[in-house]
Each structure stands twice: as C-alpha cells, then as structure tokens.
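K.L.:
need a 3D model of the following:
(one chain, ligands or ions: 1)
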Amino acid sequence: MPESSSLPSETAGLPVATVVLKPKRARPFFGRHPWVLDTAVLRVDGAPADGDVVDLATHDGTFVARGLWNASSKLRVRLYAFDAATRLDDALWKARIAGAVSLRQSLGLADPSGAARLVNSEGDDLSGLIVDRYGGWLSVQVTGLAMSHRLETVCDALESLVAPTGILLRGAERGLSKLEGLHLPDRLVRGNAPTGPIFVTEHGLKFGVDLTEGQKTGFYLDQRDNRQAAARYARGRRVLDMFCYSGGFGVACAVSGGARSVLAVDSSAKATALAKANADLNGAANVTVETADAFEKLAALKAAGDRFGMVILDPPKFARSRASLDDAMRAYHRINRLAIDLLEPGGILVTNSCSGAVSREDFLVMLAGVAQRSGRTIQLLECRGAAADHPVSAGCLEGEYLKCIIARVAS
Ligand code: SAH
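P.N.:
Residues are numbered from 1 along each chain as shown. Predicted coordinates for the structure are as follows:
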C-alpha cells in the first residue's frame with residue numbers, strides 16, 4: 001500500500017474524477033458535512049483509485065466540494081475543501097496540521113510534560129486523522145484509508161512542528177478499520193519508542209501512560225477537564241469511581257478535590273493496576289482499587305447498604321450504532337439507577353456516555369426516567385462535553401460524542 005503522496009495526481013492535489021450526487025442529495029455538503037456515503041452517489045465520471053482526489057458535483061454539474069475517494073468504504077468520499085481553488089496537496093495537509101497544533105498552543109496545552117489531542121479528525125478539517133501527544137511522544141491514529149496514503153506527509157509536518165521523540169502508529173478500532181479497508185498494524189513510524197510507561201501531567205497530577213499497551217490511545221484525554229470539574233465537588237466525600245481505567249477521576253477527586261476516600265473499580269485487572277500505580281504516584285493513600293464487574297459491584301454495594309457522597313460512572317461505549325440504541329439505553333438506565341440508589345441525600349452523580357449514537361437529549365431523558373423510577377430529585381449542575389482539544393465541526397455533529405453530566409441528587 002502506498003504510504004507517501006508520490007502519485008502525480010495526489011501531489012498536484014487536483015481532481016482525477018468527478019463524483020456526481022443523486023438529485024436532492026447535495027444539501028449536507030453545501031452545509032460542509034465531510035462524509036459522502038455510497039447511497040448519495042449517482043455515478044462517477046472517471047476512474048479514481050482509492051485515495052485519489054475527486055470533485056463532488058450536483059447531478060446538474062455544479063461544483064460542491066473536493067475530497068478523497070475510497071471505493072472500499074461506504075464512506076465513498078471524505079471532503080476536505082469546499083471551494084474549487086483549493087488543492088488537496090501536501091501543502092494543504094501541512095497547513096491544516098499546523099493550524100490544529102497552533103489551536104492547542106492557544107488553549108494552553110503546549111506544556112512539554114502534558115498530554116493533548118493535537119488533531120481531532122473532522123473537528124480539525126482532517127477527517128480520518130487523530131494525533132495525540134503524550135509528553136515527547138505522538139500517537140497517530142488513521143481512520144481513513146486516503147489519510148493512510150499520506151502518512152509520510154503527516155509525519156513530516158508533525159516532526160517539523162513539535163519535534164517529537166517518537167511517533168507511534170495506532171490501528172483504528174477493529175470494526176472501523178474493516179469498514180475502511182485499512183490494514184495498519186501498530187508500529188513505530190519515526191524516532192524512538194518509549195521503553196516503558198511514560199509520565200504526563202494533567203492539572204498538576206501525574207499519570208503513567210502505556211502507549212503500546214493502553215486502551216484507546218493510552219489515556220482518555222477527552223475527560224481532562226471533566227475530571228477536574230468532578231473533583232470540585234469531592235471535598236470530604238466518599239467517592240465511587242466506577243469504570244475507573246487508569247484512575248483519572250478517582251485520583252483527581254482524592255488529590256485535587258480532597259475526597260475523604262475513593263473506591264476505584266474496573267473489570268480489567270490491567271486497568272486497576274494502572275489506577276493503583278497512578279494513585280501511588282500522586283501520594284493518594286485513600287484510594288482503594290478493585291477489579292470487578294460494574295453491574296455486579298454496584299448491586300453488591302447496594303445490597304450491603306453502602307452509601308457514597310459521590311458516584312462517577314464512565315462506562316465504555318454501550319451503543320455501537322443506532323441499531324443497538326435500545327439495549328444501550330437500558331444499560332445506561334440500569335447503572336445510573338444503581339448509582340443513584342447508592343447516593344446519600346445531597347450526593348453528586350457524575351455520569352458519562354461516550355456513545356456517539358446516544359444524543360445528549362437521549363441521555364438526559366434516560367436520567368429523567370431514573371429520577372422518576374427512583375423517586376429522587378436529580379438537579380443538573382453541569383452539562384459538559386469533551387475538552388477543547390477535541391473540537392467538533394458545526395458541520396459534522398457526529399463528532400460530538402461525549403456527554404458528562406454532573407448532577408446533585410437532592411433527596
Ligand atoms: N474513567 C476512565 C475511562 C473509562 S473507559 C478515565 O477517566 O480514564 C471505560 C472503562 O470501563 C475501561 O477501563 C474498561 O475496562 C471498563 N469496563 C468495561 N466494561 C466494564 C464492566 N462491565 N465493569 C467494569 N468496568 C468495565
């Protein structure tokens with residue numbers, strides 16, 4: 001598979017074919033939505049190879065946008081420019097990456113010992129590319145085939161902008177790779193690989209991140225500010241951090257928030273080992289970790305009559321698609337109901353959903369259902385999303401996946 005933009009057509013960044021839309025299907029793209037699904041395509045004038053630059057036109061020949069072609073994906077074209085003058089060439093990718101990096105600098109996220117998402121796919125007009133920085137290392141995740149053809153250009157840009165110690169390539173989620181026809185094994189693409197876990201700071205706390213073994217890209221950067229927001233309510237409380245992974249919420253509550261104690265639970269023994277190490281690293285002696293299934297543990301705590309002043313729920317994606325939405329909503333209802341039952345009057349619930357298929361409204365309606373069934377009053381204090389280094393394009397709201405609700409359960 002070509003990994004450099006050495007094809008003449010790609011280097012020039014000009015279209016080799018025109019993708020013609022079915023009548024009445026152009027509206028989202030005039031609204032700058034970057035995903036053209038196979039079902040919207042009437043015909044293709046020309047014979048583009050996967051990764052080639054194509055123009056998108058209405059059925060009567062009006063230019064709509066310019067993008068990259070992938071015949072192996074339902075997402076036939078990803079759009080990157082909405083005017084006919086812009087070439088999709090190396091200069092454009094470099095300028096987009098530079099713009100993304102400069103945004104993070106302006107957000108105050110350039111601390112060399114910190115961690116930040118430098119490129120957030122559609123949110124940075126770079127559909128199919130995610131780049132996270134952990135101290136001196138970069139973790140690059142390519143979720144679009146055409147971007148994988150431009151990996152060398154991407155790495156050149158990143159090297160010149162942030163001079164990383166090393167750049168690691170992380171495969172996309174297995175399902176996603178299959179949908180895109182992507183076969184990218186995890187590997188080191190530039191510089192040196194870390195020899196063990198690396199340590200990053202977040203709001204003054206230290207976290208060990210295992211870049212080669214960890215989940216996602218090593219650490220849940222999207223929750224950075226939500227951990228801090230949750231910690232502001234933790235003072236003096238007994239906190240339950242359910243689905244703790246490497247302990248981000250629990251450690252923030254114990255150390256920054258002054259919680260009385262924290263019980264951090266995850267079903268993965270690797271995760272709880274990381275959480276324990278991170279609690280120790282920050283001198284949080286009042287954090288206890290336990291490896292257990294959340295549903296069972298919540299029910300057992302309830303049965304034992306345990307009560308908490310704060311419960312954090314940060315489960316994995318329950319809904320992978322709209323089709324599994326009903327099951328997912330039932331699962332959210334169940335854990336949130338169990339969490340509420342564990343909260344003393346005036347307790348704080350920090351409840352998250354990272355399922356893009358679940359809308360903010362769906363999630364709030366679920367909470368309303370929990371309030372009704374439990375007979376408790378739930379006061380919404382903060383309705384939050386991902387941190388600002390995870391920007392969402394107004395033209396592609398599918399990028400808004402994280403809901404973090406901080407609520408008080410009054411009585
Ligand atoms: N709160 C974490 C991120 C949580 S990610 C942070 O701030 O970093 C979701 C976590 O849920 C993963 O660590 C996963 O191992 C865990 N998990 C998945 N299913 C679970 C279950 N049934 N019970 C408990 N934990 C589970």
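K.L.:
before we move on, what SS does the residue of the chain most remote from its centre have?
P.N.:
In the chain, Asp60 marks the outermost C-alpha relative to the chain mean, sitting 38.2 Å out by Cα atoms, centre = their mean. Three-state assignment for Asp60 (DSSP: H, G, I helix; E, B strand; the rest coil): coil.
K.L.:
and it, what does it touch?
P.N.:
By Cβ atoms under 8 Å, 6 or more residues apart in numbering, the contact set of Asp60 is empty. C-beta coordinates here come from the backbone N, C-alpha and C atoms, glycine included.
K.L.:
now swap in Ile335 and tell me
P.N.:
Per Cβ under 8 Å, 6+ apart, neighbours of Ile335: 242, 294-295, 298, 313, 315.
K.L.:
swap in Gly67?
P.N.:
34, 36, 53-54, 56, 77-81, 88 are the contacts of Gly67 under Cβ under 8 Å, 6+ apart.
K.L.:
counting neighbours, which of those comes out on top?
P.N.:
Counting neighbours by other Cβ atoms under 10 Å, Val77 leads the contacts of Gly67 with 30 neighbours.
K.L.:
that one pairs with what?
P.N.:
Note on Val77: beta-bridge partners Val36, Trp69, judged by DSSP bridges.
K.L.:
isn't it right next to His33, touching?
P.N.:
No: look at Val77 against His33 with Cβ atoms under 8 Å: they stay out of range, at 11.2 Å.
K.L.:
that older thread, measure the residue farthest from the centre of the chain to Ala292 for me?
P.N.:
61 Å (Cβ to Cβ, to the nearest Å).
K.L.:
could you chop this protein up by domain?
P.N.:
8-81, 90-191, 220-409 (automatic domain parsing).
K.L.:
so for the last one, what's the average pLDDT?
P.N.:
Across domain 220-409, the average pLDDT comes to 96.
K.L.:
now do the SS call for Ala300.
P.N.:
helix.
K.L.:
quick one: it from Phe363, how far?
P.N.:
26 Å.
K.L.:
who has more neighbours out of these two?
P.N.:
It is Phe363, of Ala300 and Phe363, that has more neighbours when counted by other Cβ under 10 Å, with 21 against 12.
K.L.:
and that one, what helix or strand is that in?
P.N.:
Per DSSP states H and E, Phe363 falls inside helix 360-374.
K.L.:
that older thread, quick one: which of the contacts of Ile335 sit in strands?
P.N.:
Assignment to strands by DSSP state E places the following of the contacts of Ile335 there: 242, 313.
K.L.:
so which of the contacts of Ile335 wins on neighbours?
P.N.:
Result: Met242 is most packed of these (other Cβ under 10 Å), 28 neighbours.
K.L.:
might one say that that residue is in contact with Pro316?
P.N.:
No: using Cβ under 8 Å, Met242 is not in contact with Pro316; the gap is 11.7 Å.
K.L.:
identify the contacts common to those two.
P.N.:
With Cβ under 8 Å, 6+ apart, Met242 and Pro316 have no common neighbours.
K.L.:
what pLDDT does Lys178 get?
P.N.:
74.
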